[in-house]
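**Q** need a 3D model of the following:
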Amino acid sequence: MDDWERTRLTDAELEEFFDALFPTGFAGPDVLADIAPESWEKTPLCACFHPSPEQVFEEVRWARRRIEELTRSRRERAPQNPELAPSPEPTLEGIRAEWKDTPVNAAEEVAELVGKCLWDVFSDNHEVITADGRVADIGSFRGAGAFIAEYLSGPSRDRWSMDYCRFYLGTIWIRARADLTPVYRMIFRRLKALGADWEYHFPALGVVDLAPLKEAIEKPEGPEDYSPSEAFAKEQEERERQEELERFRAELAESNAQARREAMDCPPPPTVRAYQEVYGGDPRGWPPA
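**A** Residues are numbered from 1 along each chain as shown. Next up, the predicted model:
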């Protein structure tokens, strides 16, 4: 066992930790009594799965704006590229025409919401520290989604299973539909009861260069395959790729810095507010540097 493994719970210990957090499950009566004391249908949290047409309209507009922000500088450099053309502006009438109400399934919706909120706490670069100082590491972004899905439903025999998608990226698509602080507060109360703590990390976009991996797995060329002209063209292509990569990294760095500045002008996110209410102070990592 290396030092990295010594600082983290084992898979078996993670299951035991979650069993201790939720002895009656993610949608047990104790959970419902905490986040929906009257009934699930009467709590504002129910809107997470039953949004109004107006809410859906705002979400579509927000997604379009974010895409526009990420592609604007690239479009300025390549205005003729049809793939970078702006998408049509959504309309409320168009959303209403496609909107359909769906029946409430309290047990399934509560379990899914708690699972998504757990992803927000345990993943998204944050860390849950157990009473003995080890990290309750449930995996990377996708791995964390898979852990939560398997904890709820058991291991999947399908190697291509997409169950993790239910929890991947947590509440990112539903967090504007209701104040999720009550769910985070419930989670932090349970963590505190087990002597655990939480470390906040400000979310940041990044880029991974997979070209070295591609080169490593490609069949190496022999001397008889060498072509000076092809080698020159390849070097030129690589230089251009690196320049584009560096420009994109610089844009992301500025976007991340801007997000941090904007965050300091706004109230803390619901996860941090819930932590403050339960623990009586800021989590480590807040405010972001």
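
**Q** strands of the stretch 1-150 of the chain, start to end?
**A** 127-129 (DSSP state E, counting those that start in this stretch).

**Q** any stretches of it with poor pLDDT?
**A** Within the stretch 1-150 of the chain, the ranges that satisfy pLDDT under 70 run 1-5.

**Q** again, only this time at 50
**A** Flagging of the stretch 1-150 of the chain using pLDDT under 50 yields the residue ranges 1.

**Q** so where do the helices sit in it?
**A** Assigned by DSSP state H, counting those that start in this stretch, the helices in the stretch 1-150 of the chain fall at 3-6, 11-21, 29-35, 53-77, 92-98, 106-122, 141-153.

**Q** can you map out the strands along the stretch 151-289 of the chain?
**A** 197-199.

**Q** against residue 198, how distant is the closest residue to residue 28 other than its chain neighbours?
**A** Spatial nearest neighbour of residue 28, excluding adjacent residues (C-beta to C-beta, 6 or more residues apart in numbering): residue 22 at 6.7 Å. To be clear about C-beta, it is placed using only N, CA and C from the backbone, and glycine gets the same treatment. Using C-beta to C-beta, to the nearest Å, residue 22 is found at 17 Å from residue 198.

**Q** of all the helices of the stretch 1-150 of the chain, which one comes closest to residue 241?
**A** helix 53-77 (14.5 Å; C-beta to C-beta).

**Q** tell me what the closest one is packed against?
**A** helix 92-98, helix 228-264 (3 or more C-beta pairs under 8 Å, 6 or more residues apart in numbering; DSSP states H and E).

**Q** got the contact list for the nearest residue to residue 135 once chain neighbours are set aside?
**A** Excluding its sequence neighbours, the residue lying closest to residue 135 (C-beta to C-beta, 6+ apart) is residue 8, at 4.9 Å. By C-beta atoms under 8 Å, 6 or more residues apart in numbering, residue 8 lies in contact with 134, 135, 136, 137.

**Q** please name the nearest non-neighbouring residue to the third one.
**A** Leaving aside its chain neighbours, residue 136 sits nearest to residue 128 (4.3 Å; criterion: C-beta to C-beta, 6+ apart).

**Q** about what we covered before: for the residue nearest to residue 28, grab the count of nearby residues.
**A** 20 (other C-beta atoms under 10 Å).

**Q** separation between it and residue 66?
**A** 33 Å.

**Q** cool, and residue 130?
**A** 35 Å.

**Q** who's more crowded, those two?
**A** Counted by other C-beta under 10 Å, residue 130 and residue 66 do not tie: residue 130 has more neighbours, with 18 against 10.

**Q** Provide a list of residues in contact with the more buried one.
**A** Counted by C-beta under 8 Å, 6+ apart, residue 130 has contacts 9, 17, 136, 194, 195, 196.

**Q** how about residue 189?
**A** 34, 278.

**Q** can you tell me the closest non-neighbouring residue to residue 86?
**A** In space, residue 86 is closest to residue 68, 6.2 Å off (C-beta to C-beta, 6+ apart).

**Q** measure how buried that neighbour is and give me the count.
**A** Residue 68: 12 neighbours (other C-beta under 10 Å).

**Q** please apply the same query to the one 10 residues further on.
**A** Summarising burial for residue 78: neighbours were counted as other C-beta under 10 Å, giving 10.

**Q** residue 49 against residue 111, yeah?
**A** No: contact criterion C-beta atoms under 8 Å: residue 49 and residue 111 do not qualify, at 11.3 Å.

**Q** to the chain's geometric centre, what's the distance from stretch 136-144?
**A** 10 Å (C-alpha atoms, centre = their mean, to the nearest Å).

**Q** other residues contacting it?
**A** The contact list for stretch 136-144 (C-beta under 8 Å, 6+ apart) reads 8-9, 14, 17, 119, 122-124, 127-130, 145-148, 164, 167-169, 196.

**Q** dump that stretch to PDB, restricted to CA.
**A** Only the C-alpha atoms of stretch 136-144 are listed here, as PDB (Å, rounded to 0.1, in the frame of the first residue of the first chain):
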ATOM      1  CA  ALA A 136     -13.500   9.600   1.600                       C
ATOM      2  CA  ASP A 137     -12.600   9.600  -2.100                       C
ATOM      3  CA  ILE A 138     -15.400   8.200  -4.200                       C
ATOM      4  CA  GLY A 139     -13.700   8.800  -7.500                       C
ATOM      5  CA  SER A 140     -13.200  11.400 -10.200                       C
ATOM      6  CA  PHE A 141     -16.100  13.300 -11.800                       C
ATOM      7  CA  ARG A 142     -17.400  10.200 -13.700                       C
ATOM      8  CA  GLY A 143     -16.100   7.800 -11.100                       C
ATOM      9  CA  ALA A 144     -18.000   9.600  -8.400                       C
END
